[in-house]
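J.: turn this into a model:
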Amino acid sequence: MDTPRHPFRIPNFRAYWLSRFTGTIAMSAMSIVIGWQVYNVARLTMDIKQAAFLLGMIGFSQFVPLFLLTPITGLVADSFDRRWIVRITTMLLLATAATLGYLTWADKLSLTALFGAAVAFGVARAFAGPAYSSLAPNLVPRESVPTAIAVSSIAWQVGTIAGPSVGGLLYAIHPDIAYAVATGLFAVALGMMFLIGPVAQPPAQKDHRPLARIIEGFSYVRHNRLVLATITLDLFAVLLAGATALLPIYARDILHVGSQGLGILAAGMGIGAATTAVWFSVRPMTTNVGVKMLVAVVIFGFAILTFGVSRNFWLSLGALIVAGGADMISVYVRQSLIQLHTPDAMRGRVSAVSQLTISASNELGEFESGLLASLLGPVGAVVVGGVGAISVTLIWARLFPELKAAKSFDPPETIDSPPHQHGAVQP
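T.: I've put the predicted structure just below:
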C-alpha cells in the first residue's frame, strides 16, 4: 500500500498535531496572563518605563535556561526517544500551570512564583523544542515534509490565536480559571503524545564523544551558508522588531483597551500567521523561496513600524495581522530549508541551534524591547525595532546571495540519509 501523502492521513501525525495544538493554546494563555499580572503588579509602584523593564525580564528569565541548556538538548533529541522527551517536558508544564493555579486560587501568588514559572517554561522549551521539530519529519514521508511543516505551523499559530484570547477573557472573569483551563489543556497534550506509536528515528549513538557531537551540530550550521542565512536573518529581524512583550503596555496605557483588548491584540499575529499557514498547507510554496523570505521580512518590519506609531486599536490589530502573515512566510521557508537540508541523524542538534536563535529573537527580544522601552519609551522602542528589521534584511540580501539564489526547497543530494531514516511510520 502506498504511504499516504497528506500528513493528516497518518494517525501518528494527527496525535502529534493535536498535542502541539492544545499545548500551544495552554502555553500562550499562560504567557499572556503572566505578563499581564507582572505588569499590573509593577505599575502599582513603578512608572511605565520601570514596569516595561520588569516586563522584559520575564522574557530574559525564559531565555537564560534555554541558552544554557541548548548545547545538550539537541544531543538529547538525537540520542533518546523524542516522544518521551516531549512527554516529560509536558509533564513539567502541566505541573507549573497547576502550581500557579493553586497559588492564584489561594491568593498566594507572588512575583517570585511568576518568574519561577518563566524559568520552568524556558527549561521545558529547551528540551521540547528540538524534540518536537525533529520528530515531525519522522512521522511523514520525505516528500510530505513541507506540507507537514505548514500543517504543524497551523497548530502552533492557531494556538497562538486561541491562547491569548482565551487567557485574556478568562483572566477577566477570574485569574485562577485561566490557569485551570491551561492545566487541562496540558493534560490533553500529554495524552496525545502517549498515543503516538513507534516511529522511524536514527539509532542512538554510543560513541562516547558527546562534546564532539554537540560541536558537530553548530559546525554544520556554520558551514551550510543557506541554513546559516535563514537562521540568523530570523534571529536579528525578530530580535529587533519583537513587540509582543510590550503589548500589555499598549493595551493598558496607549490604546486603553484593558485585558480583553490585550487578548485580541495578542492574537493578531497568530491570525495572520495561521491564515498564511492554512494557505501553504493547501498550496505549498515551490518557487523563489529565498526571495520571498526576504520580501516577507521587509513587510514584517514595516508592519511592526505601523503598529508602533498607531493610536487606533483596529489599525494596530491590522498591523499585527500583517506582521504575523509575513512572519509565517519566513518561518515556513526557514523550517522547510532547515529540515530538508539537514540529515535526519543531525536534525535534533541543528533544530536545537535553530531553537536557540528563535528563543534569542523572541525571549531575548522581549528583554531587549523592555530595556529599550525603559530608555526610549514603548513607542520609540517599537519604531526603532521595525526600522532595524528592514535594515537587517537589506544587509543579509547582500551578505548571503545564497538566499536570493534559493529557487526551491530541494536539498543537495549529498546530504541525503539512508532511506530507512526517512520512513513515515514503523510497522
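
J.: for the helix or strand in which Gly184 is found, list the C-alpha coordinates in PDB.
T.: Counting by DSSP states H and E, the element that carries Gly184 is helix 175-195. As requested, the backbone C-alpha atoms of helix 175-195 are provided in PDB (Å, rounded to 0.1, in the frame of the first residue of the first chain):
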ATOM      1  CA  PRO A 175      -7.300  34.500  37.000                       C
ATOM      2  CA  ASP A 176      -7.400  31.000  38.500                       C
ATOM      3  CA  ILE A 177      -9.900  29.900  35.900                       C
ATOM      4  CA  ALA A 178      -7.300  30.700  33.200                       C
ATOM      5  CA  TYR A 179      -4.700  28.500  34.900                       C
ATOM      6  CA  ALA A 180      -7.200  25.700  35.400                       C
ATOM      7  CA  VAL A 181      -8.000  25.600  31.700                       C
ATOM      8  CA  ALA A 182      -4.300  25.700  30.800                       C
ATOM      9  CA  THR A 183      -3.700  22.700  33.200                       C
ATOM     10  CA  GLY A 184      -6.400  20.700  31.500                       C
ATOM     11  CA  LEU A 185      -5.100  21.500  28.000                       C
ATOM     12  CA  PHE A 186      -1.600  20.400  29.000                       C
ATOM     13  CA  ALA A 187      -3.200  17.100  30.200                       C
ATOM     14  CA  VAL A 188      -4.700  16.700  26.800                       C
ATOM     15  CA  ALA A 189      -1.400  17.400  25.100                       C
ATOM     16  CA  LEU A 190       0.300  14.800  27.200                       C
ATOM     17  CA  GLY A 191      -2.400  12.200  26.500                       C
ATOM     18  CA  MET A 192      -2.000  12.800  22.700                       C
ATOM     19  CA  MET A 193       1.800  12.200  22.900                       C
ATOM     20  CA  PHE A 194       1.200   8.800  24.600                       C
ATOM     21  CA  LEU A 195      -1.000   7.900  21.500                       C
END
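
J.: distance from it to the middle of the chain?
T.: Distance of helix 175-195 from the chain centroid (Cα atoms, centre = their mean, to the nearest Å) equals 19 Å.

J.: please apply the same query to stretch 123-136.
T.: Worked out by Cα atoms, centre = their mean, stretch 123-136 lies 11 Å from the chain centre.

J.: just the C-alphas of that stretch, formatted as CSV.
T.: Taking C-alpha atoms only, stretch 123-136 is exported to CSV below (Å, rounded to 0.1, in the frame of the first residue of the first chain):
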residue,chain,number,x,y,z
VAL,A,123,13.7,24.6,30.7
ALA,A,124,10.7,22.8,29.2
ARG,A,125,11.0,24.5,25.9
ALA,A,126,14.8,23.9,25.7
PHE,A,127,14.2,20.2,25.6
ALA,A,128,10.8,20.0,23.9
GLY,A,129,11.7,22.3,21.0
PRO,A,130,14.4,20.2,19.3
ALA,A,131,12.4,17.0,20.0
TYR,A,132,9.2,18.4,18.6
SER,A,133,10.8,19.8,15.5
SER,A,134,12.9,16.7,14.7
LEU,A,135,10.0,14.4,15.5
ALA,A,136,7.6,15.8,12.8
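
J.: next, the buried residues of that stretch.
T.: Residues of stretch 123-136 classed as buried under the neighbour-count rule (16 or more other Cβ atoms under 10 Å) are 123-136. For the C-beta atoms, the positions are set from N, CA and C on the backbone; glycine is no exception.

J.: okay if I get these as CSV plus pLDDT, secondary structure and distance to Gly59?
T.: CSV is the format used below for those (pLDDT from 0 to 100; DSSP: H, G, I helix; E, B strand; the rest coil; distance: Cβ to Cβ, whole Å):
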residue, pLDDT, secondary structure, distance to Gly59
Val123, 88, helix, 15
Ala124, 88, helix, 15
Arg125, 81, helix, 12
Ala126, 80, helix, 14
Phe127, 86, helix, 19
Ala128, 82, helix, 18
Gly129, 76, helix, 16
Pro130, 76, helix, 20
Ala131, 79, helix, 22
Tyr132, 77, helix, 20
Ser133, 73, helix, 21
Ser134, 74, helix, 25
Leu135, 79, helix, 26
Ala136, 76, helix, 26
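
J.: biggest separation within those, which pair?
T.: Between any two of the buried residues of stretch 123-136, the greatest separation by Cβ to Cβ is 21.7 Å, found for Val123 and Ala136.

J.: can you pull out the helices in the stretch 1-150 of the chain?
T.: 11-43, 48-79, 82-105, 111-135, 145-173 (DSSP state H, counting those that start in this stretch).

J.: what angle separates the shortest one from helix 175-195?
T.: So that's helix 82-105. Helix 82-105 and helix 175-195 are oriented at 170 degrees to each other (axes from the mean of the first three to the mean of the last three Cα atoms, to 10 degrees).

J.: helices or strands up against helix 82-105?
T.: Judged by 3 or more Cβ pairs under 8 Å, 6 or more residues apart in numbering; DSSP states H and E, the packing partners of helix 82-105 are helix 11-43, helix 111-135, helix 175-195.

J.: quick one on the thing from earlier: now for the helices of the stretch 1-150 of the chain, which one comes closest to Gly263?
T.: helix 145-173 (2.4 Å).

J.: in the protein, what helix or strand scores lowest on average pLDDT?
T.: Lowest mean confidence among the helices and strands of the chain (mean pLDDT, DSSP states H and E): helix 347-359, at a mean of 63.

J.: right, and the helix or strand after it?
T.: Next element after helix 347-359 (DSSP H and E): helix 365-376.

J.: pull the residues that contact the helix or strand following that next one.
T.: Next helix or strand after helix 365-376 toward the C-terminus (DSSP H and E): helix 378-399. By Cβ atoms under 8 Å, 6 or more residues apart in numbering, the list of residues contacting helix 378-399 from outside reads 48, 52, 229, 232-233, 236-238, 240-243, 246, 249-250, 254, 294, 297-298, 300-309, 369, 372-373, 375-376, 403-404.

J.: quick check: closest non-adjacent residue to Pro284.
T.: In this structure, Pro284 finds its nearest non-sequential neighbour in Pro146, 5.1 Å apart by Cβ to Cβ, 6 or more residues apart in numbering.

J.: residues near the one you found, how many?
T.: Residues lying near Pro146 (other Cβ atoms under 10 Å) number 25.

J.: tell me the confidence at it?
T.: We note a pLDDT of 71 for Pro146 in this prediction.

J.: ok, Ser336 to Asn288 distance?
T.: 13 Å (Cβ to Cβ, to the nearest Å).
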